[in-house]
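Novice: I would like the atomic coordinates for the input below:
(chains A and B)
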Amino acid sequence: MAETELLLDTPLDRLHRSLGARMVPFAGYAMPVQYPTGILAEHLHTRSAAALFDVSHMGQAELVGEGAAAALERLTPADVQGLKPGRQRYGLLTTESGGIFDDFMVANLGDRLFLVVNASRKQEDFARIEAALPAGVRLQPLPDRALLALQGPAAAAVLAPLAPALAALSFMGVAQAEIAGVPVLASRSGYTGEDGWEISAPAEAAETLAKALLALPGVQPAGLGARDSLRLEAGLCLYGSDIDETTSPVEAALTWTLGKRRRMEWNFPGAERVREELANGPARLRVGLRPEGRQPARGHTAIHAPGGAAVGEITSGGFGPSLNGPMAMGYVARPFAADATPLELLVRGKPLPARVSPLPFIPHRYAR
Amino acid sequence: MSELRYTKDHEWVRPEGDAATIGITDHAQNALGDVVFVDLPEVGREVAAGEAVAVVESVKAASDVYAPIAGRIVEVNSALSEDPGLINREPTGEGWFFKIEPKDPAEIDALLDDSAYAAFVESQA
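Specialist: Alright, predicted model coming up:
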């Protein structure tokens, strides 16, 4: 394949190939979609023990200088100024028309902010942030850092002896530490619904770190395939599928990311639309869907009222290995968004009965 | 047991008496990954060669399965709805999809033989 030559490698490329990973293009990178055990086994292992994911394709950056938090608030409805040192928060970058430019994590490291953004959006995000910065605040992209995610209920017990400072964090806590001689910056967070850490490390030490983590009892490598089924079971959005520039934070059921103070100031991009939708309700809402039976319904499947008109579309859909059944997320017109509302999914021309379901499909097990 | 024939869409065909059994190859199941659902055709349906007649869903994606030859569907493997993992474990055995009564048995002979299919898979790698 010619396009393979244009793909970027993560610092763990050699390790993935030595582990027998199947590599696929994703957001411009060659990424492991699965290892020889397969997506199903990797998914279930993450929920029962612990798995290591390479997410080095994601964008990392620091925001440095007096007023960095206030500067970032020009682009997001999140409360960044109220974020305490050692804490991380999930937020949305919004567009002028109230869509979602990207979703991101921001951590307060005391003397600076640390950002993690989507691989597919990092160029756009960094350009947008830079353009909004006042004199004295600087965005420093960190392309020479790897990002690993250690996820699963067994992660804490195996990581604690190596890095007690990281084991002491609660969900969304951030700290610097050393693992196997590698200096890391880690947050107790992830994209699976399980307890775990996302660990940022210098690219040149990434393989040492990954090997040390994979050597821990019960830790297995897992790829993007399992990461996707895990995040969907956890009800977490994928940028570009479930949220994008056309979906608003209110429609996406992400109003919890709007800071309380920000909802009094209304001084973020797209505030007018968000305010109007909060007051009068959005036209459509993101909901969970459970198809009857075993057949999955994928993204872009039309959602209909039973025997009737189209009322929405699936944005992510597949089979939940832990749910042991099909699951989906999508947008439906607000009158159809209540839990247990019966709907039909038009799969290959045939109506597949489904019901609106609360999210997440599998309860989160964070270390609160 | 008769020799298998193959298509470039990675189906296999095993002629047995009046019908031909059809499934997907080991290469195909490996590329798909863990199968979680199969949509099989109705028994009695007349199908054309190359027509999409079944769908196989893995954790990550849905793929069509085509009728390698023209004819009538005479049986489907109902065990697959209970245990779609059969397709991964025994792709050319218990993981078969459906049986076709061929319109023209000569169509089967025109399909790829073992070495031609192996060469085709190799050329796609």
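Novice: make it CA atoms for all contacts and neighbour counts henceforth
Specialist: Will do.
Novice: how far away is the residue sitting nearest the centre point of chain B from residue B:65?
Specialist: Nearest to the geometric centre of chain B sits residue B:23, at 2.5 Å (CA atoms, centre = their mean). For residue B:23, the distance to residue B:65 equals 8 Å [CA to CA, to the nearest Å].
Novice: what sits in contact with each of the two?
Specialist: residue B:11 (CA atoms under 8 Å, 6 or more residues apart in numbering or on different chains).
Novice: what residues does chain B put near chain A?
Specialist: Counting by CA under 8 Å from any CA of the partner chain, chain B comes close to chain A at B:33, B:34, B:36, B:37, B:38, B:57, B:58, B:59, B:60, B:61.
Novice: which of these has the most neighbours?
Specialist: residue B:36 (29 neighbours; other CA atoms under 10 Å in any protein chain shown).
Novice: hang on, the earlier thing: looking at pLDDT only, which of the residues of chain B next to chain A scores worst?
Specialist: Lowest pLDDT among the residues of chain B next to chain A: residue B:60, with 83.
Novice: isn't there a strand covering that one?
Specialist: No - the assignment for residue B:60, made by DSSP: H, G, I helix; E, B strand; the rest coil, is coil rather than a strand.
Novice: Now do the contacts for it.
Specialist: Counted by CA under 8 Å, 6+ apart, residue B:60 has contacts A:225, A:318, A:319, B:32, B:33.
Novice: what about the first one, neighbour count?
Specialist: By the measure other CA under 10 Å, the count of residues near residue A:225 is 19.
Novice: got it, and the second one?
Specialist: Neighbour count of residue A:318, defined by other CA under 10 Å: 26.
Novice: and what of the fourth one?
Specialist: Counted with other CA under 10 Å, the burial measure for residue B:32 works out to 18 neighbours.
Novice: so what's it closest to, chain neighbours aside?
Specialist: Spatial nearest neighbour of residue B:32, chain neighbours left out: residue B:58 (6.1 Å); criterion: CA to CA, 6 or more residues apart in numbering or on different chains.
Novice: Let me have the contacts of residue B:60 in TSV, adding distance to residue A:12 and secondary structure as columns.
Specialist: TSV is the format used below for these (distance: CA to CA, whole Å; DSSP: H, G, I helix; E, B strand; the rest coil):
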residue	distance to residue A:12	secondary structure
A:225	17	helix
A:318	28	strand
A:319	28	strand
B:32	25	helix
B:33	23	coil
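Novice: related to what we said a few turns ago, now do the same contact list for the residue nearest to residue B:32.
Specialist: Contacts of residue B:58 (CA under 8 Å, 6+ apart): A:319, B:32, B:33, B:34, B:35, B:36, B:37.
Novice: Then residue A:198?
Specialist: A:147, A:148, A:149, A:150, A:186, A:187, A:188, A:189, A:190.
Novice: quick one on the thing from earlier: how much space separates the residue nearest to the centre of chain B from residue A:320?
Specialist: Distance from residue B:23 to residue A:320, by CA to CA: 25 Å.
Novice: The spatially most central residue of chain A - nearest residue in space that isn't next to it in sequence?
Specialist: Centroid-nearest residue in chain A: residue A:191, 5.1 Å away (criterion: CA atoms, centre = their mean). Closest residue to residue A:191 apart from its sequence neighbours, by CA to CA, 6+ apart: residue A:231 at 5.5 Å.
Novice: tell me which element the one you found is part of?
Specialist: Secondary structure from DSSP states H and E places residue A:231 in helix A:224-233.
Novice: ranges for the helices of the chain?
Specialist: Since no chain was named, I'll use chain A. Here chain A has its helices, by DSSP state H, at A:13-18, A:39-48, A:68-72, A:122-132, A:155-159, A:164-167, A:206-214, A:224-233, A:262-265, A:271-280.
Novice: that's the other chain; I wanted chain B
Specialist: So, for chain B - with DSSP H - the helices run B:26-32, B:79-82, B:86-89, B:106-109, B:114-124.
Novice: Can you give me the buried ones in the longest one?
Specialist: Using 16 or more other CA atoms under 10 Å in any protein chain shown as the burial criterion, the residues of helix B:114-124 that qualify are residue B:117.
Novice: Are there helices or strands packed against it, and which ones?
Specialist: strand B:5-6 (3 or more CA pairs under 8 Å, 6 or more residues apart in numbering or on different chains; DSSP states H and E).
Novice: for chain B, what are the nearby residues on chain A?
Specialist: Checking chain A against chain B by CA under 8 Å from any CA, the hits are A:38, A:39, A:40, A:225, A:229, A:294, A:295, A:296, A:298, A:318, A:319, A:320.
Novice: ok, back up a step: bridged to the residue nearest to residue B:32, which residues?
Specialist: Judged by DSSP bridges, the bridge partners of residue B:58 are residue B:35.
Novice: quick one: it and residue A:113, what's the gap?
Specialist: 41 Å.
Novice: just residue A:55 next, same as before
Specialist: 20 Å.
Novice: again, but for residue A:354
Specialist: Residue A:354 is 43 Å from residue A:113, by CA to CA.
Novice: what's the answer for residue B:104, then?
Specialist: 71 Å.
Novice: one step back: residues contacting the residue nearest to the centre of chain A?
Specialist: A:227, A:230, A:231, A:234, A:236.
Novice: For the closest residue to the first one other than its chain neighbours, which residues are in contact?
Specialist: For residue A:227, the nearest residue in space outside its immediate sequence neighbours is residue A:192; the separation is 6.7 Å by CA to CA, 6+ apart. Contact analysis of residue A:192 by CA under 8 Å, 6+ apart lists A:151, A:227, A:230, A:231, A:233, A:234.
Novice: Include neighbour count and pLDDT when you put those into JSON lines, please.
Specialist: Putting these into JSON lines (neighbours: other CA atoms under 10 Å in any protein chain shown; pLDDT from 0 to 100) gives the following:
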{"residue": "A:151", "neighbour count": "29", "pLDDT": "98"}
{"residue": "A:227", "neighbour count": "22", "pLDDT": "98"}
{"residue": "A:230", "neighbour count": "25", "pLDDT": "98"}
{"residue": "A:231", "neighbour count": "21", "pLDDT": "98"}
{"residue": "A:233", "neighbour count": "28", "pLDDT": "98"}
{"residue": "A:234", "neighbour count": "21", "pLDDT": "98"}
